[in-house]
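Q: after the sequence you'll find the predicted model.
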Amino acid sequence: MTDVAVNAARPETKEQRSWYWYDWANSAYVTTTATVLMGPYLTAIAKEAACPGIEAGVACTTNLSVLGIPIAPGSVYAYTVTFSTILSAIVLIFIGAIADRSPHPTKLFARFAWTGALAACLMFLIAGTNWQLGVVLVVIATICLGASLVVYDSILCRIANENERDRVSSKGWAMGYLGGGILLAVNFALMALHGSLGISEGMAVRINLLSAGLWWAAFTFIPYLGLRHLTGTVATPVERQRGVIGGSLSQLASTFRELRLYPQTMLFLLAYLFFNDGIQTVIGNSSLYGQEELGFSQTTVLAVFLFVQFVAFFGARFFGAAAQRVGAWRTVLGGIILWSVVVIIAFFVPSRALAIFVALGLLIGIVLGGTQALSRSLYSQLIPRGREAEFFSLYQAMERGTSWLGTLAFGLVYQFTHSYRWAIVVLIVFFIVGGALLSRVRMREGIEQAGNPVPVVV
């Protein structure tokens, strides 16, 4: 596989430009489906199943039953995300080990992406009271998205040197928010005009879910074609004898044994588990919060999210520039403080207070892309060269696979209080713990332990 041979930042390469497009591709699903539409839509489907004929905005106090376990309809989406991320925690760690042994990692990445996109397209079929189909498809799409990102993120280490990664990672996230925002604008137009087009609101939601899957699938071709020449690690004779699966299991065991040799990397992962759980739970449930707790229409929430997407594009670029000046570590710590402010404000926002809701969206947009992009580039400095996919599988296990603590806390608090306000404010614990742990990470020492060159600004 192509490696960066020099330490100085260079002009943007063709590989980097191809790499950016997967952020553009998958962000359509993350934004339109996972963040904005699926939570409220699946909740409405579950409510209809539990309380047939219930009016919008009326609380449903009848529980659904899953294997004899009572589930509040308002908690179905949170529990679905919780289940899918726990399952991902197991799957993604194996994916990283397999990816490092794969002779064609780009093909592996694309297969996961297109399988996830197919599941996203099939969400068009969710209707009536069929919430179970929604649960299954969300689980498949979540796992495939995480698996594709394990391979995708590992490629960052091979196409950008240590002085380029903050910029490249931030631009990738910025591209994602721009792409997600463009599709969301189209989705917003359909939701706003569905009556004049002669289709129901439910059908408009289903068409938008389909559009996100098609967008994800189509734009994945750009990074696939631009990076398909990259090859995997050359296997030793012993590894060839073991095969991909056998060698991957051996490598996975080695990863866990050797992780203790990189204490700063391990501390960063622990910090990331907490503060990213908070971020992912806020993102994944903010649409639900806006509609169910604050009383805004789906069209209004879509408009605010569209605003957030474009603010996030500039926010990611701003955080990338800030990292060049003061370092990514300090910039991410500042972002975590702002996330704590976000959940406090969200708790106190009065119902239907649109101006405050928009201001909250502005703050989220500024901090959203930057914290995620710089966390990715920070971690890339802390992993040993040649084992990128293996170590990024642990990173994705934290981002996509163990982000169940936040959603579980959110779902349980709502289950017992029937208040999304208390469910959202409890997430401040994740930011406090994550920020405290990150403040103890000694980045320079961790980079040197991993055997990587130290950037000019850490």
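A: Nice, I can see it.
Q: helices or strands up against the helix or strand harbouring F109?
A: Here F109 sits within helix 105-122, counting by DSSP states H and E. Under the contact criterion of 3 or more Cβ pairs under 8 Å, 6 or more residues apart in numbering; DSSP states H and E, helix 105-122 touches helix 14-28, helix 76-101, helix 131-159, helix 201-219, helix 221-227. C-beta here means a position set from N, CA and C on the backbone, and glycine is covered the same way.
Q: least reliable of those going by mean pLDDT?
A: Mean pLDDT values for those show the minimum at helix 76-101, a mean of 80.
Q: the inter-axis angle of it versus helix 131-159?
A: Taking axes from the mean of the first three to the mean of the last three Cα atoms, to 10 degrees, one finds helix 76-101 and helix 131-159 inclined to each other by 40 degrees.
Q: any buried residues in helix 76-101, and which?
A: 76-89, 91-101 (16 or more other Cβ atoms under 10 Å).
Q: for it, packing partners?
A: helix 38-50, helix 105-122, helix 131-159, helix 237-258, helix 263-288, helix 388-396, helix 404-417.
Q: deepest of those, which one?
A: Highest mean neighbour count of those: helix 388-396, a mean of 28 (counted as mean count of other Cβ atoms under 10 Å).
Q: between the helices and strands packed on helix 76-101, which gets nearest to I428?
A: Set against I428 and scored by Cβ to Cβ, those come closest in helix 263-288, at 7.6 Å.
Q: could I get the average pLDDT for that closest one?
A: The average pLDDT for helix 263-288 rounds to 89.
Q: ok now stretch 449-458, how far from the chain's centre?
A: Averaging C-alpha positions (Cα atoms, centre = their mean, to the nearest Å) puts stretch 449-458 26 Å from its chain's average.
Q: which other residues reach that stretch?
A: The contact list for stretch 449-458 (Cβ atoms under 8 Å, 6 or more residues apart in numbering) reads 7, 161-163, 166, 261-265, 323-329, 381-385, 443-444, 447-448.
Q: and L190, what does it touch?
A: L190 neighbours (Cβ under 8 Å, 6+ apart): L197, A204, I207, N208.
Q: Y379: which element?
A: helix 354-380.
Q: F431 too?
A: Using DSSP H and E, F431 maps to helix 428-438.
Q: show the average pLDDT along the next helix or strand along the chain from that helix.
A: Using DSSP H and E, the next helix or strand after helix 428-438 towards the C-terminus is helix 443-449. Throughout helix 443-449, pLDDT has a mean value of 92.
Q: pull out the buried positions in helix 443-449.
A: Neighbour counts over helix 443-449 (16+ other Cβ under 10 Å) mark M443, G446, I447, Q449 as buried.
Q: the second one and L382, how far apart?
A: In other words, G446. According to Cβ to Cβ, to the nearest Å, G446 and L382 sit 5 Å apart.
Q: joint contacts of the two?
A: The contact sets of G446 and L382 overlap at Y262, Q264, T265, F268 (Cβ under 8 Å, 6+ apart).
Q: picking that back up, export the helices and strands packed on helix 76-101 to JSON lines and tack on distance to I432?
A: Output for the helices and strands packed on helix 76-101, formatted as JSON lines (distance: least, Cβ to Cβ, whole Å):
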{"stretch": "helix 38-50", "distance to I432": "25"}
{"stretch": "helix 105-122", "distance to I432": "33"}
{"stretch": "helix 131-159", "distance to I432": "26"}
{"stretch": "helix 237-258", "distance to I432": "28"}
{"stretch": "helix 263-288", "distance to I432": "8"}
{"stretch": "helix 388-396", "distance to I432": "22"}
{"stretch": "helix 404-417", "distance to I432": "13"}
